[in-house]
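Participant: Quick one: sequence plus predicted model below, questions after.
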Amino acid sequence: MASSDYSKELHIALLAVQRASILTKSVFHSHAKGTLDKADASPVTIGDFGAQALIISALQHNFPDDEIVAEEEAKDLREKSKVKQTVWDLVQKAKLDDASGEKELGGAIESADSMLDIIDKGDSKGGSKGRIWAIDPIDGTKGFLRALMVDGDVKVGVLGCPNLPVDDSEALTENIGADASDAEGKGVLFSAVLGKGAASRSLGSGALAKESKIAMKAVTNISDATFCESVEAGHSSQGDAANIAKKLGITKPSVRMDSQAKYGSIARGAGDLYLRLPVKKDYVEKIWDHAAGDLIVREAGGQVTDVEGKRLDFTVGRTLQNNKGVIAAPKDVHGRVIEVVREVLGSK
Ligand SMILES: Nc1ncnc2c1ncn2[C@@H]1O[C@H](COP(=O)(O)O)[C@@H](OP(=O)(O)O)[C@H]1O
Ligand SMILES: [Mg+2]
Ligand SMILES: [Mg+2]
Ligand SMILES: [Mg+2]
């Protein structure tokens, strides 16, 4: 039975991210060598399917009664046997260096067909009752996210960021996009448990590394703040962000970064604000893009809301249909940021 302090959930989620990152690294490396057939499916898609299968298999082994909301579905794989085989080959090879960790995750998946069924176990409708995991097998091409919600509250959040340095003094000096290199020695895992603070550790491929507590940086003068936003202009309005920054007196250029690495970066004080400003009126954010980041930033001393200042509501299904955009900032300055966000968005 699951423990009440969520230590087992955290441990399994962390190990599962490490195992999934072994697979995604191998996808990116084989793609670089041109061994994957791009005409069949993009390497990112292959990585997404494989990572989702590995993660759900680990969660099911440990928490068989939990529901899972995951981004991908196996439909396309069922129709394309060649891609299915490619994913299956990758999944069979992705193992932790550490045999005891591999055992804790339930070991290998039985067959290619059971892999497809496992991928489709991520089809929960979500909601406000019971234990539900939210999973993004690969986010913004190279991050990983998982979070456990219980009765609509995020209790455990884990983010894997293979392209962020473990030491935050190096972070936010450059824009980190989809093509950032996957150099050895890089990679960080962020995590949080509700009420117990946030931590980071290096992302490895076997037993878990030792964690260090993280906290947001205090912002005494908001004009000195650094803000992050999406690399993709279609995901967050960079024009609105520039206007908001200007009104706050911010002169530093924004740091553009893929994935929920933005949440992890501000949570450890490498950067201060995360602005995600709606581009399309009808786009609804997905819970797997935000559940872990929301908890990690709040446990590091921040506040996370939508553009109107409402907390993100994870209880209404697979999407955040009650929210628009995301504004994350240290608690003390969050209210001021929202004021300016409303001014700028309201005057459009
Ligand atoms: N029009 C849109 N507005 C906001 N987010 C969008 C979007 N279209 C896609 N996304 C989401 O943005 C995520 C990446 O976020 P970011 O821009 O911060 O890197 C994508 O995750 P996936 O890459 O997992 O599909 C996707 O879910
Ligand atoms: Mg996607
Ligand atoms: Mg995503
Ligand atoms: Mg994804």
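Facilitator: Yes, it's here. Ligands and ions are numbered 1, 2, ... in the order given.

Participant: Every contact and neighbour count from this point should use C-alpha atoms.
Facilitator: OK.

Participant: For the closest residue to residue 323 other than its chain neighbours, the count of nearby residues, please.
Facilitator: Sequence neighbours aside, residue 306 is the residue nearest to residue 323 in space, at 5.7 Å (criterion: CA to CA, 6 or more residues apart in numbering). Neighbours of residue 306 under the rule other CA atoms under 10 Å: 22.

Participant: Please apply the same query to residue 348.
Facilitator: Neighbour number of residue 348 under other CA under 10 Å is 6.

Participant: Next: residue 342.
Facilitator: Residues near residue 342, counting by other CA under 10 Å, number 14.

Participant: now it: how far from ligand 1?
Facilitator: 18 Å (CA to the nearest ligand atom, to the nearest Å).

Participant: Just the element for that residue, please.
Facilitator: helix 331-346 (DSSP states H and E).

Participant: How far away from the center of its chain is that helix?
Facilitator: 25 Å (CA atoms, centre = their mean, to the nearest Å).

Participant: Identify each buried residue in that helix, please.
Facilitator: 331, 333, 334, 337, 338, 340, 341, 345 (16 or more other CA atoms under 10 Å).

Participant: Test my guess that residue 276 contacts residue 327.
Facilitator: Yes. With contact defined as CA atoms under 8 Å, residue 276 counts as touching residue 327 (6.3 Å).

Participant: Tell me the residues of the stretch 101-250 of the chain that contact ligand 4?
Facilitator: Taking CA under 5 Å from the ion, the part of the stretch 101-250 of the chain that reaches ligand 4 is made up of 136, 138, 139.

Participant: how about the buried residues of helix 331-346 in CSV, adding distance to residue 238?
Facilitator: Converted to CSV, these look like this (distance: CA to CA, whole Å):
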residue, distance to residue 238
331, 23
333, 21
334, 19
337, 16
338, 16
340, 15
341, 13
345, 12
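
Participant: Quick check: the residue nearest to residue 323 touching residue 326?
Facilitator: Yes. Applying CA under 8 Å, one finds residue 306 in contact with residue 326, separated by 4.3 Å.

Participant: can you give me the strands for the stretch 201-348 of the chain?
Facilitator: 212-214, 227-229, 255-256, 273-276, 302-305, 326-330 (DSSP state E, counting those that start in this stretch).

Participant: Reformat those as CSV; add mean neighbour count and distance to residue 190.
Facilitator: Formatted as CSV, these follow (neighbours: other CA atoms under 10 Å; distance: least, CA to CA, whole Å):
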stretch, mean neighbour count, distance to residue 190
strand 212-214, 16, 9
strand 227-229, 25, 17
strand 255-256, 20, 19
strand 273-276, 26, 16
strand 302-305, 23, 15
strand 326-330, 27, 16
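
Participant: how about those strands in JSON lines, adding mean pLDDT?
Facilitator: As requested, the strands of the stretch 201-348 of the chain are exported to JSON lines (pLDDT from 0 to 100):
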{"stretch": "strand 212-214", "mean pLDDT": "97"}
{"stretch": "strand 227-229", "mean pLDDT": "97"}
{"stretch": "strand 255-256", "mean pLDDT": "94"}
{"stretch": "strand 273-276", "mean pLDDT": "98"}
{"stretch": "strand 302-305", "mean pLDDT": "98"}
{"stretch": "strand 326-330", "mean pLDDT": "98"}
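
Participant: quick one, which of those strands is nearest to residue 93?
Facilitator: strand 212-214 (30.6 Å; CA to CA).

Participant: What pairs with that closest one, parallel or antiparallel?
Facilitator: strand 198-202 (antiparallel) (DSSP bridges).

Participant: Report the mean confidence score over the partner strand.
Facilitator: The average pLDDT within strand 198-202 is 97.

Participant: With stretch 145-159 instead?
Facilitator: Rounded mean pLDDT across stretch 145-159 is 92.

Participant: close to ligand 1, is that stretch?
Facilitator: No. Stretch 145-159 stays clear of ligand 1 (CA under 6 Å from any ligand atom), getting no nearer than 9.0 Å.

Participant: which parts of the chain sit against ligand 3?
Facilitator: Counting by CA under 5 Å from the ion, the chain sits next to ligand 3 at 139, 289.

Participant: low pLDDT regions in the chain?
Facilitator: For the chain, residues meeting the criterion pLDDT under 70 lie at 1-3, 31-44, 141-144, 168-185.

Participant: let's go with 50 and repeat that
Facilitator: Applying pLDDT under 50 to the chain flags residues 1-2, 32-40, 170-171, 173-174, 177-182.

Participant: what sits against whichever residue of it sits closest to ligand 3?
Facilitator: For the chain, the residue closest to ligand 3 is residue 139, as judged by CA to the ion, at 3.7 Å. Residue 139 sits next to 145, 258, 259, 260, 289 when contact means CA atoms under 8 Å, 6 or more residues apart in numbering.

Participant: redo that, cut-off 10 Å
Facilitator: 44, 48, 71, 145, 159-161, 258-261, 288-289 (CA atoms under 10 Å, 6 or more residues apart in numbering).
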